[in-house]
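# using only what follows, build the 3D model:
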Amino acid sequence: MTAVPAFRSPRELVISGELSMPELYEWHARENPDYPLYRFHDGNEVNTLTYAQVIKAIRRAARYVQARIATPQIVAVIANIDTITYSIIQLGIMRAGYTMFLISPRNVPAAVADMLRKTECRHLLLSSDALVQDLAKKALAELNGVTLHDVPTFEQLFPADASVDGLSTEDLPATLDINGLCMILHSSGSTNHPKPVRWTHKKMMSWSSSPWYGEVDLSQVSLSIHGTPMFHAIGVMMYCLAANNGMLLGVFPPTSPPTFPTPENVFDGIVKTSSEYIMTAPAMIEMWAREPAKVEHMKTMKGLIFGGAPLDQGVGDMLASQGINLYSLYGSTEIGAIAKFFTANPGMDWAYFQLNPMHDQRLVDAGEGRYELIVISDPEIPLPIVNTKFDGKDAYATNDILERHPTRPNFYRYYGRLDDQIILSNGEKTNPGPLESIISEDPHVQGCIIFGQGKFQNGLLIEPTPEYRFDPQDLGKLVDFRNKIWKSIERANEFAPQHSRLFKEMIIVTSPGKPFSYNIKGYPRRTWILKDYQEEIAALYKVVEESAQSDVGAPAAWNNDSTRTFLRTVVERVLKKSIPDDADFFRHGCDSLQATWIRNTLLRAVRETSPTSAKLLPMSIVYQAPTISALTEAVLHILHNKGVAPTATTAHDLVLIAEKYSSNLPPRPAQLRARQSDKDVVLITGTTGGFGCDVLEHLLRDERVERVYAFNRPGSQAMERQLTRFKERALDESLLTTPKFRMIEAALDVPGFGIEPQLLDEIRDSVTHILHNAWTVNFNLALSSFEPDLKAVRNLVELSLSSPHSSPPRIQFTSSIGVFASCNIPPPIPEVSLDPSSPLGSGYGESKWIAEQVLYNVAQRAGVPIVVVRLGQISGDKTGHWNEREWFPALVKSASLTSHLPNVEGEASFFLSYPAARAFVEMRSSPEPILHLVHPRPIPWRSLITPIAQELQATLVPYVEWLAALEAAAERNAEAAREHPALRLLDFFRSSASANTKTPLGLYQLDTKKAVGASETLASMPELGEADIKRWIAAWRASGFLPASA
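Coordinates of the predicted model:
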């Protein structure tokens, strides 16, 4: 291969801002005439085209356009032609002083017509192939005034007689306006017709200098762009980068028709053109990674650059582990290169990148260590599109979500699209992109879309590849197809968070008569497809509530062994792991959705044998009997005794369990001493929840607190979650980085908490107060599922008793008004210990009562000071946000169904989380053992609900009338009952209708005299006002939970 001559860099000239890209090519023809731009293998040998040859072709292309289109204007191109010819045509259009508009031939006719209309384009260059000709014909059927022209061929641009039209610049512009329009690209059109994106010469030149701001030297390297689409921004970028940096571009030979890229011929092109780098789609890399020989060759290259989509994590990790450099070219048509171009030595962090320092880029917190990317427009080089204001400046909100590297603060990876995020009805979020990518690798799958917005679980819509298509009404073929792709679904499920997992029964297959439509990147057009399949999706959700894992056969006989074996299979299939027969489902990751699948599968099997017995299966049977052994016993009791299994907890049971955790207390140390400081050292549990966050901030601000240890569950990335939650709640993050605070991942239910002995000794020797706030919050669980929480109470008691201080650390416990579930004390209920019958009816309330009683026993028997704080209804954080999963936001949202809101007699004692947390902190040294932390000045329900009704234009009606309207809405639409938060809480609202000792809707009338005496904040707490209420509404509207104000 001929040696490459020296390259004179144009860097200083480009930085001066004087040259456009066509003018830069003219400069190269003078300064680097023999330097090669293109390199290709023609089947016999390697050929090159130099800048001296290329500039002549560019001038010919410019004159070709001038001869057909008299005045400078927008010239659109739709072409299936080779890379060299296409890029020369583009440069020629710009050299003539015209604006090129590159249109993908993958667009549908309506999209082409729409873009031509929007840009007022009147001239269209077309290749001669049938696909492009047919597309243009259909696009122009309803669009007049557009003139069609043939694109010039390679032979016309590079004639045998090289002197033809290529030497003179006569009649071509001497200079080009650097601020003038040079190019129109278009967006991918995933959700609507693609949008034209206009670029100036100045923006193009800025874009092409991106590598100068990176850490990898790309000057004079050979870069394969075999298969890179030249109608795409990445294709344009390649010849721009080459001109700025002296890259040699490896391409296919200029044949007609052009070479269609495949994994084989692209890799062959890499080898034959001796390319050091490759710019390609991730799918190509994923195919090459399967062949050891190709992996060996990739190890000899300097790097693989991918863009347009994420690379499979497993493939990337495998290649990176063998020393192959992987670089993500993350950018957009509207911005250019967003990521630094590139970070040196990516290693195993190949999926992460740094942001391009050329742009003023801002990250807006999206929660959970993720951020929405906003790019500020530079007045000197404005962005092609702006769609928002940020800090008073024009900006572009990308809708892209980036995820921060766990240990490298300035590194991020692409997470997904803000507008693609699926928010389930339980508030959990699914990022569909990575899961769809995994499933799309299956050879049976042409394309797929995950759906589930506002639903209780995700579903999957799949278009099979042509050879596997069938009528999905054929249930046998549907089952067979689901089985064929199931390994790929399982791969996706291994990657997905638990709430995003896909079930076999939630897979829909497309009908042959309704194929997917795809955007120019080859991705399914999500919005359009989901609209096409909305009836099928609605039908699926309508039946899935009663569906089950139909391929798990019912026992041949319902005896102990066969029933236990059946249930083991069901549970293992749902949880994706085996667990012991006596292990609690919910302590092994079972959630409410999985509990529903277990029950539904059991229901289907019982119904086959005994339809009568099936009617006796309680909706909550999995919660009542949360182990394989308990569920086996419950099912057999129903089948053979024809009645519901006795699962209710008795008051006597609670007393026995409390005694179990209160007995055999360890003795105090033999040597005791007084505290060495007047300041408090606090151990607090459960600080990453909302209320716990607010308590933690108050503790860190408190000058009387010297040190704070926070215990949070192991493996939860506790510090990262704590920082994220502080940001979300507008708390002071800097407090978390002070020496006063230490985050510790600890297993509360394990003796010694699973932490280093030296650390445990440090805590034992210094702690003066233990604030126990961590607890499992699930009101469906049976008491048995709270055993780890009760073990935690006992372990904290033993920690207090082992203290060397003469007075053991005081234990302050966050209890709940759930302990009043069956309370018969006339209101207001005093701040005293309760009868064991008081909490019966709820496993959560029962567990809290047991914890209260254990602490009360320990205080009496061992002298441990305690403060039990029964926490009332919290109504939002500092920002006004109130958790939308709770009952009151659901009640407010019911106005969208009924146009009514309930008006009831009584008072509401809601209060805000932040001041409530301050009151809680102030109570830590109270001599009173039991305090009620609720608002001491409740307001009339009518004062609370009236401004909300006015905002939502809802009518106030009696509670029973509102409840009847809600029940009618549920009957009209069973699907809505699963989706709408108010309908999902119907049982709660029904039970609240007849409660006598409560304020509206389950809030109890409680005495607060002792609590007010223990907290100045609570004593001076102002009444809830209309401004507070309007802040909730504004926050719900901002999140989309309530519709925007009319």
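
# which SS class is G416?
strand (DSSP: H, G, I helix; E, B strand; the rest coil).

# mind listing what the closest residue to it other than its chain neighbours touches?
Of all residues not flanking G416 in the chain, N431 sits nearest, at 3.9 Å (C-beta to C-beta, 6 or more residues apart in numbering). Where you see a C-beta, it was placed from the backbone N, CA and C, and this is true even at glycine. N431 is in contact with I401, Y415, G416, D420, Q421, I422, S500, counting by C-beta atoms under 8 Å, 6 or more residues apart in numbering.

# at 10 Å instead, please
Taking C-beta atoms under 10 Å, 6 or more residues apart in numbering, we find N431 in contact with 370, 401, 403, 415-417, 420-422, 450, 496-497, 500.

# can you get me a residue count around Y661?
Around Y661 there are 21 other residues, counting by other C-beta atoms under 10 Å.

# next: the one 5 residues further on.
If you count neighbours by other C-beta under 10 Å, P666 ends up with 10.

# what's near enough to touch it?
By C-beta under 10 Å, 6+ apart, P666 lies in contact with V797, E798, L801, S802, A862.

# highest neighbour count among these?
Tallying neighbours with other C-beta under 10 Å puts V797 at the head of the contacts of P666, with 26 neighbours.

# my read: that residue touches R810, true?
No. With contact defined as C-beta atoms under 10 Å, V797 does not count as touching R810 (11.8 Å).

# which residues do these two both contact?
I770, A859, V864, I866.

# so which of those residues wins on neighbours?
Neighbour max across the shared contacts of V797 and R810 (other C-beta under 10 Å) = I770, 26 neighbours.

# who touches M183 in this structure?
Counting by C-beta under 10 Å, 6+ apart, M183 has contacts 21, 74, 90, 93-94, 99-102, 197-201, 203-204, 233, 236, 384.

# in PyMOL, select just the buried ones from these.
To isolate the buried ones among the contacts of M183 in PyMOL, judged by 16 or more other C-beta atoms under 10 Å, type:
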select buried, resi 21+74+90+93+94+99+100+101+102+197+198+199+200+201+203+204+233+236+384
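
# from the contacts of M183, which land in helices?
M21, Q90, I93, M94, H201, K203, M204, A233, V236 (DSSP state H).

# from Y533, how far off is the last one?
Here the criterion is C-beta to C-beta, to the nearest Å. By it, V236 lies 35 Å from Y533.

# same check on the fourth one?
In this structure, M94 and Y533 are separated by 43 Å, where distance is defined by C-beta to C-beta.

# try the second one
Going from Q90 to Y533 by C-beta to C-beta gives 38 Å.

# next one: the first one
Distance of M21 to Y533, given as C-beta to C-beta: 44 Å.

# and the fifth one, by the same measure?
Distance check for H201 against Y533: by C-beta to C-beta, it reads 44 Å.

# just the strands in the stretch 851-1000 of the chain please.
With DSSP state E, counting those that start in this stretch as the criterion, the stretch 851-1000 of the chain has strands at 866-871, 900-903, 907-908, 930-933, 939-940, 955-958, 998-999.

# save these as a markdown table, and put in mean pLDDT and distance to M348 too.
Formatted as a markdown table, these follow (pLDDT from 0 to 100; distance: least, C-beta to C-beta, whole Å):
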| stretch | mean pLDDT | distance to M348 |
| --- | --- | --- |
| strand 866-871 | 97 | 45 |
| strand 900-903 | 92 | 55 |
| strand 907-908 | 84 | 54 |
| strand 930-933 | 97 | 48 |
| strand 939-940 | 90 | 57 |
| strand 955-958 | 92 | 60 |
| strand 998-999 | 48 | 57 |
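
# any chance of those in CSV, plus distance to K878?
Listed next are these as CSV, based on distance: least, C-beta to C-beta, whole Å:
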stretch, distance to K878
strand 866-871, 18
strand 900-903, 26
strand 907-908, 20
strand 930-933, 18
strand 939-940, 20
strand 955-958, 30
strand 998-999, 25
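
# out of these, which comes closest to A1011?
strand 930-933 (4.2 Å; C-beta to C-beta).

# now the strands for the stretch 351-500 of the chain?
With DSSP E, counting those that start in this stretch as the criterion, the stretch 351-500 of the chain has strands spanning 360-367, 370-376, 388-390, 393-404, 412-417, 422-423, 429-430, 445-451, 459-464.

# helices and strands of this protein: which one has the lowest mean pLDDT?
The weakest-scoring helix or strand in the chain, judged by mean pLDDT, DSSP states H and E, is strand 998-999 (a mean of 48).

# so which pair among the contacts of P666 is furthest apart in space?
S802 and A862, at 11.4 Å, using C-beta to C-beta across those.

# my guess is A1034 contacts E951. True?
Yes. Counting by C-beta under 10 Å, A1034 does reach E951; the two are 9.4 Å apart.

# give me the buried positions along stretch 403-418.
Applying 16+ other C-beta under 10 Å to stretch 403-418 flags E403, R404, H405, F411, Y412, R413, Y414, Y415, G416, R417, L418 as buried.

# for stretch 595-612, same thing?
595-607.

# please apply the same query to stretch 376-394.
For stretch 376-394, by 16+ other C-beta under 10 Å, it's I376, S377, I381, L383, P384, I385, V386, F390, D394.

# just confirm the last one contacts P384, I think it does.
Pointing back at D394 there. No. D394 lies out of contact with P384 (C-beta under 10 Å); the separation is 11.6 Å.
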